[in-house]
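**Q** Coordinates only, no sequence provided:
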């Protein structure tokens, strides 16, 4: 939790936030980004220490920043964002004295190059990804867990926050390197160290490695019922013991049966697991929960809070939080109930397996379609946004011009909606009472929007610089191929859908000597695809594809070559090549003078295998 005064916290919950972001590309000058450069409602910070359902021990997850830049003015066309470092701060202005109160959010690195369009979607990860390499350790085994963790941080170029001395089991000695040390990344080794010390690794707001322990102290922060928009709280859980299994399979119980945390599949735990002390995890009490609350951007995963319900306080740990700028905060605290934990009969995932599955989930999320991702983003923006102020005006004729803003005055609002007789519109700038309405829909059905996501689009005309689609199925009324209307090629309303089209064109004899493109029934009553020049019903200087045969024609209309059934036939050179599949496999090359002679004889070269 970042230390802010109660007065500043109140400002973040009552005043609009401003964004102060610096982006330092790998080449070029430093960029300064404010909320004016962002598409409204798109800046989100996700941080977590849990990717599963149980209370996590030994994780090292990277926080994620995502936002969309407004590039309508093409300000970012030449910027190389891949690898750029971002420093993000939020701040509010105290209306009493005009001073700015800042809250640092952290440092992030853009992990992949975005597409530079009218908007630019940026995703960036915190410095935990700097541990994603196979290290050449400079510490020698045997060594302590503390020494190994500090060496990993040094190799990753990350400063350790505070001292590791005093953390549980910090002086536990690792006798030898794991057998697969050459395959383990620095982050995996760091996770193993964190398991032994009973902590979770984070990158804090100052880009430092913080190994966060579970605090058993009385929480100093509460979530009151009036601060929650939605929430779910499950029963209180008390940890009774920790089961530790060494790399050789020996198991020791630290504590008692009941609600037991498991630490296993850790190659750094060597020898007798009973020498590790996990008493600090015993008797901690927590309740799994979810909550969407008023803005609390100063909180951080692993913070301990009191969840007040019906006047009773319940201790909770934050294992995940999502913060959207100028919107609510979403919290989650994971943990299986005692009943569900008792059902578990399958070994839990190892730390390495958890990381692999997370990487797979990350790649899978990248495959979500643009439409699905837009729908998810839209839903999150709406669900996490605050309410509006009714700033409507009554006109002299008794009618009402409806205005709605996100602040108490139109001048201070960051978004303004209006609803009038001629339509509905909105803008981000009041402009002293003369706003330019940037988006909207008028009474005639005309709309101006920045991004349109649809299930189906039906239109008589589409004007576009380019159209991108996975598949296009056309019903063609009239289009142009070269200088010829498609009505000379395909009947009206004939569906074009690859070579499967069997529609009968019923066209009259084609004019002589003209360019020709046809899909469907051809002039010689066959079905296929033809392109080239046609004279009557004869193809000249072109090609056609019918069933499994592709034919090529010369200027006299002679079929000079064809490809069919794995055979290439060239008439002028009298060469036939083919592959015969039968009881025996053979490759045959024949030189022939007779166009109709099959693939045997006449100086065949046969290779058998």
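**A** That came through fine. Please read all numbers here as calculations on a predicted model, not as lab measurements.
**Q** quick one: strands adjacent to the longest strand along the chain?
**A** Counting residues, the longest strand in the chain under DSSP state E turns out to be strand 100-110. Paired strands of strand 100-110, with direction, are strand 85-93 (antiparallel), strand 119-125 (antiparallel) (DSSP bridges).
**Q** quick one: contacts of that strand?
**A** Contact with strand 100-110 is made by 2, 4, 8, 11-12, 18, 20, 45, 63-65, 81-94, 122-127, 129, 203-207, 297-298, as judged by Cβ atoms under 8 Å, 6 or more residues apart in numbering. Heads up, the C-betas are built off the backbone N, CA and C, glycines and all.
**Q** from the chain's centre, how far out does it sit?
**A** Relative to its chain's centre, strand 100-110 lies at 22 Å (Cα atoms, centre = their mean, to the nearest Å).
**Q** buried stuff in that strand?
**A** Going by neighbour count (16 or more other Cβ atoms under 10 Å), the buried part of strand 100-110 is 101, 103, 105, 106, 107, 108, 109, 110.
**Q** Look up which residues are beta-bridged to the last one.
**A** In this case it means residue 110. residue 124.
**Q** got it, and the first one?
**A** Counting by DSSP bridges, residue 101 forms beta bridges with residue 92.
**Q** And for the one 5 residues further on?
**A** Using DSSP bridges, the bridge partners assigned to residue 106 are residue 88.
**Q** I'd like the distance from it to residue 417, if you could.
**A** 33 Å (Cβ to Cβ, to the nearest Å).
**Q** Residue 268 too?
**A** 58 Å.
**Q** Residue 554: how many residues sit nearby?
**A** For residue 554, the neighbour count with other Cβ atoms under 10 Å is 15.
**Q** re earlier: report the buried members of the contacts of strand 100-110.
**A** In the contacts of strand 100-110, the ones that pass as buried (16+ other Cβ under 10 Å) are 4, 8, 11-12, 18, 20, 45, 63-65, 81, 84-92, 122-127, 129, 203-205, 207, 297-298.
**Q** so residue 203 makes contact with residue 62?
**A** Yes - if you go by Cβ atoms under 8 Å, residue 203 and residue 62 touch, sitting 7.3 Å apart.
**Q** what's the overlap in contacts for these two?
**A** 126, 128.
**Q** Could you look up the SS state of residue 155?
**A** Counting by DSSP: H, G, I helix; E, B strand; the rest coil, the backbone at residue 155 sits in helix.
**Q** Contact partners for the nearest residue to it once chain neighbours are set aside?
**A** With sequence-adjacent residues excluded and distances taken as Cβ to Cβ, 6 or more residues apart in numbering, residue 155 is closest to residue 135, at 4.9 Å. Each residue near residue 135 by Cβ under 8 Å, 6+ apart is listed here: 151, 152, 155, 156, 185, 186, 189.
**Q** Next, the first one: phi, psi?
**A** Looking back up the chat, that one is residue 151. For residue 151, the backbone dihedrals are phi -70, psi -40 (criterion: degrees, to the nearest 10).
**Q** Just list the residues touching it, thanks.
**A** Counted by Cβ under 8 Å, 6+ apart, residue 151 has contacts 135, 137, 138, 139, 143.
**Q** right, and out of those residues, which lies closest to residue 173?
**A** Of all those, residue 143 has the smallest distance to residue 173: 7.2 Å, by Cβ to Cβ.
**Q** Which ones among the contacts of residue 151 lie within helices?
**A** The members of the contacts of residue 151 all map outside helices under DSSP state H.
**Q** among the residues you listed, which ones are buried?
**A** 135, 137, 139, 143.
**Q** With distance to residue 71 and pLDDT as extra columns, can I get those residues in a markdown table?
**A** As requested, the buried ones among the contacts of residue 151 are exported to a markdown table (distance: Cβ to Cβ, whole Å; pLDDT from 0 to 100):
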| residue | distance to residue 71 | pLDDT |
| --- | --- | --- |
| 135 | 39 | 95 |
| 137 | 44 | 95 |
| 139 | 47 | 95 |
| 143 | 50 | 96 |
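**Q** Which pair of the residues you listed spans the longest distance?
**A** Using Cβ to Cβ, the buried ones among the contacts of residue 151 span at most 13.4 Å, a distance reached by 135 and 143.
**Q** Which parts of the stretch 101-250 of the chain are strands?
**A** 119-125, 143-144, 159-160, 173-174, 199-203, 208-213, 222-223, 228-233, 237-238, 241-245 (DSSP state E, counting those that start in this stretch).
**Q** List just the nearest of the buried ones among the contacts of residue 151 to residue 429.
**A** When those are compared for distance to residue 429 (Cβ to Cβ), residue 135 wins out at 50.8 Å.
**Q** tell me which element residue 542 is part of?
**A** strand 538-546 (DSSP states H and E).
**Q** C-terminal to that strand, what's the next element?
**A** strand 549-553.
**Q** Specify which residues of the stretch 351-500 of the chain, grouped into ranges, have pLDDT under the cut-off.
**A** Counting by pLDDT under 70, the stretch 351-500 of the chain has low-confidence residues at 351-386, 455, 465-466, 468-500.
**Q** That one: helices as residue ranges?
**A** Assigned by DSSP state H, counting those that start in this stretch, the helices in the stretch 351-500 of the chain fall at 351-366, 370-384.
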